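1. Test case, fold it:
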Amino acid sequence: MGMLTGSEVAQHSSRDSCWIIVHGQVYDVTDFLDEHPGGSKIILKQEYDPIHPPDAITTNLPPEKHLGPVAIDTVEKVDVVVTDEEKERQARIKARPPLSEILNLHDFEVLSLPIYLVLSFIKIMIFQAIARQTMADKAWAYYSSAADDEITNRENHAAYHRQAMSVPFVLFLRSVCRIWFRPRVLRDVTKVDWSTTILGHKTTFKSATALGKLGHPDGELNLTRAAAKHDVIQMIPTLASCSFDEIVDAAQPGQIQFFQLYVNKDRAITKRIVQHAEKRGIRGLFITVDAPQLGRREKANFSFIKRTNVDMRMKFEAEDPSEVSKAGSQGVDRSQGAARAISDALEAYDCGLAGVVLSNHGGRQLDFARSGIEVLVEVVENLHEKRGLTFPNEKFQLFVDGGVRRATDVLKAIALGATAVGVGRPFLYAFSAYGFEGVDKALSILRDEFEMNMRLLGARSIKEVVPSMVDASNIHSHIVSVPTDRLYDSNYESLQNAALKTVKTKL
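-> Numbers count the residues shown, from 1 in each chain. From the prediction side, this is the model:
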């Protein structure tokens, strides 16, 4: 097929025949509509950038679906109008506080100008989010949203210390916490080392997060560059906005990268992806198995209905768990220690896998699923009782993510048996607000917190952060009250109810 015209392409805009133009090329995606992870709406609405990596079309469509180039001068041009809302957002970007004023990971979410609400005799300070104020609405909605009532999303953070019960006008709060430290003293802590060994590689760890270009034009490349500078392992997500090869090419020589995989319905595609990842030097494979269908993220859905009428939540067909566990295994070289994380830790160990990630998908899947840190305690106990394992364990490693905002959160997980802890949303907010420099600052903050808190804890290395240093006797208690975490609470944006449209009064 030769050069196509815009009018020819426009005739194919339905479910029965759907053509799209991507970077000056025309593709027939009719057969792909129902297979698309984001659903057919997002294709029919022609939402492509910044959701997809540059090679998304060529990777997922057979060559015969590439119909050829389009004559750009025949394509109807859409005038881009800069709305007043966007002008206000750009003004807020210019008003960001300098990075020197960012003191912790919470600060990437909070703006330095407080708003006061007076409720009876109580004055409450409410901080609005830097990321929320500077990001596009759909980006904030996608990054911050979680499943249903977002109970698990908040529990992930609360589990490390437990927030107060919401009882009006009760000023006395019992000092009952989920996890307390038992520091050691009279130790020489002049030098401390917070690195660890993950699948044979000495480093630290970061979780996979998707659709980076929603927050910043460089997307996941911000994380790649910062990870190289700070010797942190980057987990490349399947649903990255940058292409896989683009992210790998941006890595420094010797930089360690892992890959997070969603198993494709077409096992041949999955096998090809895994083999290509190993060929490019990926050192660990983490398979997500908690998404037979993605959770209902009402905050994101409400935002998109309100502003764009596009729901960006990905949908997946239900998979047979046995097929998920087998996918990609035949002919795939695992000599580099690739790990496949499945939900049942005992089964994972019995199958000879390298470890599991104890995660609830950032609270974005099953609401009321327990936090990773709580499940960690049970997994360690069961693997010790039923398989005789002690942790941390180099042959079978446990990872935790969700709700982490401080180095003390990480140290608690390490003491309870985790090899490493993943951090996701804080880095998304950091680069959304400040780009690479934001992630660099966030990692520097964590480094300084590690150094200080390991000294105060009396640990010179991660190996010296042991179970006796923490009291987790209340970890399974879900009804306790302690002073609230004001920074976290002030950043949390509540779910919105449906509301009547604004009615303009006729004068």
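2. Low-confidence stretches in the stretch 151-300 of the chain?
-> 162-177, 204-207, 300 (pLDDT under 70).
3. so where do the helices sit in it?
-> 151-158, 221-230, 244-250, 267-279, 298-307 (DSSP state H, counting those that start in this stretch).
4. Can you lay out those helices as TSV showing distance to residue 75 and mean neighbour count?
-> In short, each C-beta sits where N, CA and C put it, glycine included. Converted to TSV, the helices of the stretch 151-300 of the chain look like this (distance: least, Cβ to Cβ, whole Å; neighbours: other Cβ atoms under 10 Å):
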stretch	distance to residue 75	mean neighbour count
helix 151-158	42	23
helix 221-230	29	23
helix 244-250	26	18
helix 267-279	31	16
helix 298-307	26	17
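5. any chance of those in CSV, with distance to residue 368 too?
-> Shown next, in CSV, are the helices of the stretch 151-300 of the chain (distance: least, Cβ to Cβ, whole Å):
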stretch, distance to residue 368
helix 151-158, 6
helix 221-230, 30
helix 244-250, 34
helix 267-279, 31
helix 298-307, 15
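6. Mind checking those helices for the one nearest to residue 211?
-> Across the helices of the stretch 151-300 of the chain, residue 211 has its closest neighbour in helix 298-307 (11.3 Å, Cβ to Cβ).
7. and residue 449, which of the helices of the stretch 151-300 of the chain is closest to it?
-> Of all the helices of the stretch 151-300 of the chain, helix 221-230 sits nearest to residue 449, with 13.4 Å by Cβ to Cβ.
8. List of residues touching that closest one?
-> With contacts defined as Cβ atoms under 8 Å, 6 or more residues apart in numbering, helix 221-230 is touched by 204, 206, 209, 212, 216, 232-234, 242, 246-247, 250-252, 255, 257, 427, 431, 435-436, 438-440, 442-444, 447.
9. Narrow those residues to those in strands?
-> By the criterion of DSSP state E, membership of those in strands covers 204, 232-234, 257.
10. So the spatially most central residue of the chain versus residue 155, what's the distance?
-> In the chain, the centroid-proximal residue (Cα atoms, centre = their mean) is residue 209; its distance is 3.4 Å. Computed as Cβ to Cβ, to the nearest Å, the residue 209 to residue 155 distance reads 19 Å.
11. What of residue 250?
-> Counting by Cβ to Cβ - residue 250 and residue 155 are separated by 35 Å.
12. Report the secondary structure element holding residue 146.
-> Under the criterion of DSSP states H and E, residue 146 resides outside all helices and strands.
13. Run a quick neighbour tally on the closest residue to residue 193 other than its chain neighbours.
-> Leaving aside its sequence neighbours, residue 193 sits nearest to residue 461 (Cβ to Cβ, 6 or more residues apart in numbering; 4.7 Å). Using other Cβ atoms under 10 Å, residue 461 is surrounded by 13 other residues.
14. Contacts only, for residue 461.
-> So residue 461 contacts 192-194 (Cβ under 8 Å, 6+ apart).
15. per-residue pLDDT, it?
-> Here, the pLDDT recorded for residue 461 equals 95.
16. measure it to residue 202 for me?
-> For residue 461, the distance to residue 202 - Cβ to Cβ - is 12 Å.
17. where exactly do the strands run in the stretch 251-400 of the chain?
-> According to DSSP state E, counting those that start in this stretch, the stretch 251-400 of the chain carries its strands in the segments 257-262, 284-288, 355-358, 397-401.
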